[in-house]
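[1] Take a look and give me a structure for this.
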Amino acid sequence: MSHQKKLNPAKHKTCIAAAICVLFILIVYFAVSAGFSKQGVSRQVPPGFISKEEHFDSKGFQDYTDYCKYQYASMEPFLRDERYHEISSDEEIANVAGYFEDFRAWMQAGDRLHEYDFDTACINQGDYVLILTKEGQAIGTSAYGKYDHYSVCFFDTESLILYYIHNNI
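    Okay, the predicted model is just below:
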């Protein structure tokens with residue numbers, strides 16, 4: 001007399017289907033968390049850079065802090081890109097510097113200052129900037145503050161470097 005239990009084929013198929021679903025969810029989760037922030041950068045950075053240095057938040061999924069630098073051979077991509085505008089006043093310089101100062105504090109809090117080398121002293125009239133923010137948009141019963149969720153692309157015309165920062169923590 002055999003004591004082996006016969007496996008119910010319907011139950012076996014259900015277990016396999018459940019395992020495949022869990023595996024699929026894990027694959028999607030890790031793929032999205034690894035590439036989510038990179039997608040935001042690629043939409044904002046004009047083509048034509050000749051080198052790059054990217055520091056994506058390895059722990060970020062929904063909330064993340066990214067810092068990237070893109071070297072260009074000329075100003076041409078920013079002269080053609082209507083999303084960017086030329087900084088023309090001291091008030092604009094102070095506004096852009098405020099984002100980078102807030103960002104630096106988050107990099108410091110995340111023990112990531114070794115990845116960050118931006119100096120706000122390089123922000124001048126004639127440089128180009130693109131600021132995307134959710135400031136003022138509703139979240140539940142309140143609204144986003146100035147530094148709650150932003151992406152800033154700052155192009156320094158002297159060094160021909162585009163600095164990209166994103167923070168939404």
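[2] where does the chain dip in pLDDT?
    Across the chain, the ranges flagged by pLDDT under 70 are 1-40, 58-62.
[3] try 90
    For the chain, applying pLDDT under 90 flags the ranges 1-43, 56-64, 139-140, 169.
[4] That one: strands as residue ranges?
    Taking DSSP state E as the test, the strands found in the chain are 51-55, 65-71, 85-86, 128-133, 138-139, 142-143, 150-156, 161-167.
[5] what's the angle between the fourth one and strand 150-156?
    Going back to what we said before, that points to strand 128-133. Put simply, strand 128-133 runs at 180 degrees to strand 150-156, going by axes from the mean of the first three to the mean of the last three C-alpha atoms, to 10 degrees.
[6] right, and the strands of the chain - which one's nearest Q108?
    Counting by C-beta to C-beta, Q108 lies closest to strand 65-71 out of the strands of the chain; the figure is 10.6 Å. Any C-beta I mention is one placed from the backbone N, CA and C, and that applies to glycine too.
[7] Work out the sheet partners of that closest one and label each with its direction, please.
    Strand partners for strand 65-71, identified by DSSP bridges, are recorded as strand 51-55 (antiparallel), strand 161-167 (antiparallel).
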